[in-house]
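Engineer: Let's see this in three dimensions:
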Amino acid sequence: MFEASQNWELFGYDMRQLGRHFISAWRDLLWAYDSPVRAHLDEAVTLRTPDGERVYHAGRPVNGVPAACSAVLLPEEQALARHLRLPLAVETDLDAALALEVSANSPFTADDTGFGWVITGRDEHNLDVTLVLVSLSATMAYVGQHYDSHDAQAQEVWVAIADRMVVIRGFGEVDRERQYRRRLIRVGGMLAVAGVMLLLLATVGAGFKKLELGRLESVAATTQREAADASRMRSALGAANETIAAVNAVTAMYPDAHLELARLTRLVGDTAYVERLGINGQEIDLRGRAADAAAVMELLTEQDDYAGVTAASPIRKIPGTNVEQFHLKIQRRGGAS
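Structural biologist: Numbering: from 1, shown residues only. Purely as a prediction, here's the structure:
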């Protein structure tokens, strides 16, 4: 079990006060007469005084605001004001604490006592409250005499204490508080619905995002697979191109002897014939006979497919014939086929 003396402080702050301060902050935000929430949701009040009328909204004088409620200002001499310094712990149940204070110290009978209060300050340990007591009968007599009203619920009754307006309970403030409470509940409900809608939108949006993410992941996986396939195909194509290039290089280096023989036979025609043909890369070794070997050599020199034609040995005439024997070295051009 925890001991009563156990330290509940965090960075010098008593954590046991956290809940009380939280409740107090919300009560001031929602119900204090000068709260920003009242500034938007509360009714404006026309305050009647012996000097004239002034419109108040959320405890402050305003101009150009229509007022649906009315109040009368009770002179300070018609009220008893007490300034109390109470322990901060009573703030969570301040109404009950002040009711006890009123019943114990009111000079009026219980049925004739009206009161109101306003918080004027607080510190770490204490709460400053101004408590105002009035006689209900004396107040109604004053209101009837000066404002010709004999219905306690027809108007609110305010008292000005040190430039702070204190609303005396038990008069027409009930209607304004009821309207404010209804608006507060309605706005709270609207905010709750809006919060639920935002939560639903966020949930639906997250669902769509998840589906979209799944689709994108699927597309990414498919793209990666296709990219891998394309990469493999590029590698295979590159290897095939290298093979083709190697084959072409070999083909260029070692041309087809049958094609080359057919070409030479076509070129020299019937005036010459080939005895021997040798091919070593781009070089052709040609031996043959012709009626005019020099003409054959000149003919071959004129061919675009050959880079050069030279006589490997002098042209020699065969004795007893009109035929010359030749031995030529022919250099093929690169890429010739």
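Engineer: Residue 267: how many residues sit nearby?
Structural biologist: 15 (other Cβ atoms under 10 Å). To be clear about C-beta, it is placed using only N, CA and C from the backbone, and glycine gets the same treatment.
Engineer: counting contacts, what elements does the helix or strand containing it pack onto?
Structural biologist: According to DSSP states H and E, residue 267 maps onto helix 257-268. In terms of contacts (3 or more Cβ pairs under 8 Å, 6 or more residues apart in numbering; DSSP states H and E), helix 257-268 is packed against strand 272-280, strand 283-290, helix 293-301.
Engineer: Would you format these as JSON lines with distance to residue 235, mean pLDDT and mean neighbour count included?
Structural biologist: Listed next are the helices and strands packed on helix 257-268 as JSON lines, based on distance: least, Cβ to Cβ, whole Å; pLDDT from 0 to 100; neighbours: other Cβ atoms under 10 Å:
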{"stretch": "strand 272-280", "distance to residue 235": "35", "mean pLDDT": "85", "mean neighbour count": "14"}
{"stretch": "strand 283-290", "distance to residue 235": "37", "mean pLDDT": "88", "mean neighbour count": "18"}
{"stretch": "helix 293-301", "distance to residue 235": "45", "mean pLDDT": "86", "mean neighbour count": "17"}
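Engineer: quick check: longest strand of the protein.
Structural biologist: strand 306-317 (DSSP state E).
Engineer: just the angle between it and helix 257-268, please?
Structural biologist: 70 degrees (axes from the mean of the first three to the mean of the last three Cα atoms, to 10 degrees).
Engineer: Strand partners (parallel or antiparallel) of strand 306-317?
Structural biologist: According to DSSP bridges, strand 306-317 forms sheet pairs with strand 324-332 (antiparallel).
Engineer: and the angle for the partner strand with strand 272-280?
Structural biologist: Using the same axes, to 10 degrees: strand 324-332 against strand 272-280 is 40 degrees.
Engineer: For burial, what's the neighbour tally of residue 131?
Structural biologist: 21.
Engineer: sec struct for it, please.
Structural biologist: Look at residue 131: counting by DSSP: H, G, I helix; E, B strand; the rest coil, its state is strand.
Engineer: quick one: least confident helix or strand in this protein?
Structural biologist: One helix or strand of the chain scores below all others by mean pLDDT, DSSP states H and E: strand 13-14, with a mean of 56.
Engineer: nearest to residue 312, of the helices and strands packed on helix 257-268?
Structural biologist: Closest approach to residue 312 among the helices and strands packed on helix 257-268 (Cβ to Cβ): strand 283-290, 7.2 Å.
Engineer: Give the pairing partners of that closest one; include direction for each.
Structural biologist: According to DSSP bridges, strand 283-290 forms sheet pairs with strand 272-280 (antiparallel), strand 324-332 (antiparallel).
Engineer: Now do the helices in this protein.
Structural biologist: Using DSSP state H, the helices found in the chain span residues 18-31, 36-41, 94-105, 136-147, 173-253, 257-268, 293-301.
Engineer: Contacts only, for residue 333.
Structural biologist: 282, 304, 305, 306, 307 (Cβ atoms under 8 Å, 6 or more residues apart in numbering).
Engineer: Tell me where the model's unsure across this structure.
Structural biologist: 1-35, 38-39, 250-255, 334-337 (pLDDT under 70).
Engineer: at 50 what do you get?
Structural biologist: The model of the chain has pLDDT under 50 over residues 1-5.
Engineer: can you list the domains in it?
Structural biologist: Per the record, the chain has its domains at 9-171, 174-253, 257-332, by automatic domain parsing.
Engineer: Any idea how far apart the tips of the shortest one sit?
Structural biologist: Pointing back at domain 257-332 there. Taking Cα to Cα, to the nearest Å, domain 257-332 runs 13 Å from one end to the other.
Engineer: Please compute how far that domain lies from its chain's middle.
Structural biologist: Remark: domain 257-332 is offset 85 Å from the chain centroid, using Cα atoms, centre = their mean, to the nearest Å.
Engineer: repeat for the longest one
Structural biologist: From the chain centre to the centre of domain 9-171 is a distance of 46 Å (Cα atoms, centre = their mean).
Engineer: and if you look at the second one?
Structural biologist: Domain 174-253 sits 15 Å away from the centroid of its parent chain (Cα atoms, centre = their mean).
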